[in-house]
Structures are given as C-alpha cells and as structure tokens.
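> Structure, please.
(one chain, ligands or ions: 1)
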Amino acid sequence: MAPDSAAAVAAKAAAIVPEAIEAAKRKAAFAAVKAHFTSTMSFVGIGSGSTIVYGVEAIKAHLEANPPPPGHLNWFIPTGWNSKKVIEAAGLMPLTLDSVPANAEIEVCFDGADEVDEELNCIKGGGACLFQEKLVALRSKKFVCIADYRKAQRRLLTQWPTIPIEVAPIAQAAVIKELRALGSANPVLREHTLSKTGPIQTDQSFYIVDAPFKTLLTAKDVARGVGKGQGEDGVWEVNTLARRIKDINGVLEVGLFHGVNGEEAAKLGLQGGQKPVAVYFGLESGEIEVQHYSQTPK
Ligand SMILES: O=C[C@H](O)[C@H](O)[C@H](O)COP(=O)(O)O
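You can find the predicted model right below:
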C-alpha cells in the first residue's frame, strides 16, 4: 500500500484528536470517581459541561457494581438545566440545592473546568454555567475537578482567552465599562452564534460577559516577586482580580474559582471553598495526572 501523503497524515491526526480528548476526559472521570465517590454517599454535586457526562457515567457504573445498602438513597445535586438532564438521563435522582437539608453535607461535587493553574485556581463558565456551580462547590465538603490535558496551565488565561462573568441584563453595559477600567481590552457580551437571537441567557436568565485580561499571576508569583498583581499595566493576581470583578454592581458571579478548597475551608472554620481539592487530568498518553494544592497554613 502506498504511504499516506503528508496532507493525509495531517488530516488523520486532526481527525484523531477529538477522540483522544474524549478518551482522556473519560479516563480522568473514572479515576476521579473511583477515588472520591462511594455508594453510601447521600448528596453528591454534579457540574455542567461535556466532561461531567463521563463523571456521571462513572458514577452510574460504580453504583451498578456496588449497589447502595437497602433503603439508602443517593441524591445528585445539579448545577443547572444541562446538569439535571445528564443526571436524569443516567437514571439517577436529581435534588435541587435548596432541597438539601440544612444540616446535611454535600459529600463531594464533581465538575469540569476551562483552565486550571498551578495553584488549582480554575476558570469556569465556558458553557455559561458558573453561578450554580460555585454555589454547589461552596456547599460541598470537596470539589473534585475532571479535565483533559489542554486545561492544565501554569497560569490562567494562557490558552483560555477570557473570564466568563454572569451579569444582570440591565447592568451589562455598565459592567463592561467597569471591566475596561480594570484593564480588560475588549469585554464582550456573549451572543448566540446566530446573533439575531440575541445574548445567551444563563439558568438565572442573566447574561454572560467574556472579559479578556493579561495572563493572571498566582499568589505564589506575587510572593516570588514576579509582580504585584494589583492591575499595574493590566496585570492582575487571580484572587485580587476575582474580588474586584465580584465587587462591580450588576455582577452575579465571576467564573474564577479561587481562594481555598473545601478541606482548607473546614480547617480554617470558613463556610466553604471554591477550589478543587484535586484535579484529575486525562493526558494524551492515556495516563492520568492528579494534582493537589494546599495553602492552609501549617
Ligand atoms: O460553563 C460550563 C462549566 O463551567 C464547565 O464545567 C466548563 O466550561 C468545562 O466544560 P467542558 O467539560 O465542556 O470542557
């Protein structure tokens, strides 16, 4: 057989990539669920997006292989419409966040991310879900993130271009003006591909503004003296920028998951943590890399 032309090889490689990415996500999801889910859990949070679909598949497989004790119910807390549909399609039982008893704990929540830095700060909201994801993460003992190799970067806004921000429709123009003042070159109101159908609406009927910034510094970068991260020349540290954006009138939530994770929050007596306790990255090689990061003072 004649060897493939360079163009054919390139075309084949391009065709393989999506499958490799899906395989990486699925493998990472099964590893994350194996390490952090048990059939005796009562309340489990489920995020949104394409990766969490594999997380739900892994949970379903785990429950079939290890049925819960007789009479025990596993409830799954969705983070939006898409997430609820994925739970239902798997034959699992959804329970809205406001129906979780006040004295009960969400033992774990699984979710994806658009980009993750070396301190496990995450950008989320690429699929327009972030407000409910953050509510569930903050209400959970731990958030376990599942991602593929493209998402792992030393700093946020390396490959992923913008920070998704959920805003009140009536305030979007004012929020965009404030974001420019913080140094975002061109914040954009996210619209449907068919722009005549208007802005995308979230599960809260809010809008999403995508704000580009220069690559964000981590807290460690600031400690190392890489920069101050206070917005000089448009360069921000993750936590500082997240707080500044959240403070803008009309902002419901920022797609930066930062600060401490659930386990650190418990040690510090805080109400909850936004960051994952671990991120399971599916690699191109087929292997899994698990990243942990702790900044709890010892
Ligand atoms: O808005 C969507 C959520 O934050 C997702 O978790 C995030 O965008 C990652 O999505 P995916 O798993 O499709 O890459």
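> alpha carbons only for contacts and neighbour counts from here, please
Noted.
> Give the rounded mean pLDDT of the helix or strand Ala29 falls within.
Per DSSP states H and E: Ala29 is located in helix 6-36. Helix 6-36 shows an average pLDDT of 78 in the prediction.
> and if you look at stretch 157-168?
98.
> Figure out the length between the terminal residues of it.
For stretch 157-168, the first and last residues are 24 Å from each other (CA to CA, to the nearest Å).
> What is the distance between that stretch and the centre of its chain?
12 Å (CA atoms, centre = their mean, to the nearest Å).
> what does it rub up against?
Outside of stretch 157-168, the residues within contact range by CA atoms under 8 Å, 6 or more residues apart in numbering are 114-115, 123-126, 128, 130-131, 153, 175, 202, 206-216, 250-256.
> how about the residues of the stretch 51-200 of the chain that lie near the ligand?
Selection of the stretch 51-200 of the chain residues close to the ligand by CA under 6 Å from any ligand atom yields 51, 111-114, 124-130.
> Serialize these to a markdown table and add fields for secondary structure, neighbour count and pLDDT.
Shown next, in a markdown table, are those (DSSP: H, G, I helix; E, B strand; the rest coil; neighbours: other CA atoms under 10 Å; pLDDT from 0 to 100):
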| residue | secondary structure | neighbour count | pLDDT |
| --- | --- | --- | --- |
| Thr51 | coil | 24 | 98 |
| Asp111 | strand | 27 | 98 |
| Gly112 | coil | 31 | 98 |
| Ala113 | coil | 27 | 98 |
| Asp114 | coil | 23 | 98 |
| Lys124 | coil | 27 | 98 |
| Gly125 | coil | 27 | 98 |
| Gly126 | coil | 19 | 97 |
| Gly127 | coil | 15 | 97 |
| Ala128 | coil | 24 | 97 |
| Cys129 | coil | 27 | 97 |
| Leu130 | coil | 29 | 98 |
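> In CSV: those, plus distance to Leu73.
Listed next are those as CSV, based on distance: CA to CA, whole Å:
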residue, distance to Leu73
Thr51, 25
Asp111, 21
Gly112, 25
Ala113, 28
Asp114, 32
Lys124, 30
Gly125, 30
Gly126, 32
Gly127, 30
Ala128, 30
Cys129, 27
Leu130, 27
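> ok, those residues vs Ser39, which is closest?
Nearest to Ser39 among these, counting by CA to CA, is Asp111 at 18.4 Å.
> Show me the shaky parts of the stretch 101-250 of the chain.
The stretch 101-250 of the chain contains no residues with pLDDT under 70.
> For it, which segments count as helices?
Along the stretch 101-250 of the chain, counting by DSSP state H, counting those that start in this stretch, helices occupy 131-139, 172-181, 219-224, 238-246.
> Out of those helices, the one nearest Ala35 is which?
Evaluated with CA to CA, the helices of the stretch 101-250 of the chain place helix 131-139 nearest to Ala35, the distance being 17.8 Å.
> Please report the number of neighbouring residues for Thr193.
By other CA atoms under 10 Å, the residues close to Thr193 number 10.
> should've said Ser99
When counting by other CA under 10 Å, one arrives at 8 neighbours for Ser99.
> gap between Phe141 and the ligand?
Careful, residue 141 is Lys and not Phe. Separation of Lys141 from the ligand (CA to the nearest ligand atom, to the nearest Å) stands at 18 Å.
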